[in-house]
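>>> would you be able to build a 3D model of this:
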Amino acid sequence: MISVDGSLFIQIINFLFLIWVLNTVLYRPIRNMLQQRKNKVSGLQEDIDSFSQTAREKDEAYYAGVKAARAKGLKEKEKQVQAAEEEEREIIAKINEKAHAELEKVRQKIRTDAEEVKETLLQEVDRFANDIGEKILGRAVS
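Below you'll find the predicted structure:
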């Protein structure tokens, strides 16, 4: 049979002392290290989340900048095309004016030449008529 005597109290005190020593020397430092590790990992995770958010924001800003630059480039291109079309119209108008002026000069020269030829022919018509008449009649026509 088991008898309850003073050694039971000594064993209980020994057990409580052992738990206190183990807690102080072993468990508490391990728990502190685990807590520090947990804090460090959660801090690193927060840093990762923060950097990821910053990277996403920068990426969005970059794509927004690219989109804005493309839109600006397209607007500038449209302005350049419109300016080129306007310049083309002006050049074509100048060329048309120049061509019309030259055409008018050529027409005037043709009219002048035609008038000169007409006058020359009218002057020579009488002589040709006399020559033809002489050939047909075989004698001089006065």
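>>> and the pLDDT at the residue minimising distance to the centre of the chain?
When C-alpha atoms, centre = their mean is applied to the chain, the residue found nearest the centroid is Arg70 (3.0 Å). Arg70 is assigned 95 on the pLDDT scale.
>>> and for Leu137?
82.
>>> please report the distance of the residue nearest to the centre of the chain from Glu134.
92 Å (C-beta to C-beta, to the nearest Å). Every C-beta, even on glycine, is put in place using the N, C-alpha and C of the backbone.
>>> for Gln45, same thing?
128 Å.
>>> what helix or strand is the residue nearest to the centre of the chain on?
helix 28-137 (DSSP states H and E).
>>> run the chain-centre distance for that helix.
Centroid separation for helix 28-137 versus its chain: 16 Å, with C-alpha atoms, centre = their mean, to the nearest Å.
>>> and if you look at stretch 4-21?
On C-alpha atoms, centre = their mean, the centre of stretch 4-21 falls 84 Å from the chain's centre.
>>> state the mean pLDDT of it.
Stretch 4-21 comes out at a mean pLDDT of 90.
>>> for that stretch, buried residues please.
By neighbour count, with 16 or more other C-beta atoms under 10 Å as the criterion, stretch 4-21 contains no buried position.
>>> same check, this time on stretch 77-97
Under 16+ other C-beta under 10 Å, stretch 77-97 has no buried positions.
>>> going forward can the numbers begin at 56, since that is how I track them
That works, and once the first residue is 56, the last one we named lands at stretch 132-152.
>>> average pLDDT across that stretch?
On average, stretch 132-152 scores 96.
>>> what does stretch 110-117 give?
Mean predicted confidence for stretch 110-117 is 96.
>>> which strands or helices does whichever strand or helix holds Leu71 pack on?
Secondary structure assigned from DSSP H and E places Leu71 in helix 61-77. Packing partners of helix 61-77 (3 or more C-beta pairs under 8 Å, 6 or more residues apart in numbering; DSSP states H and E): none among the helices and strands.
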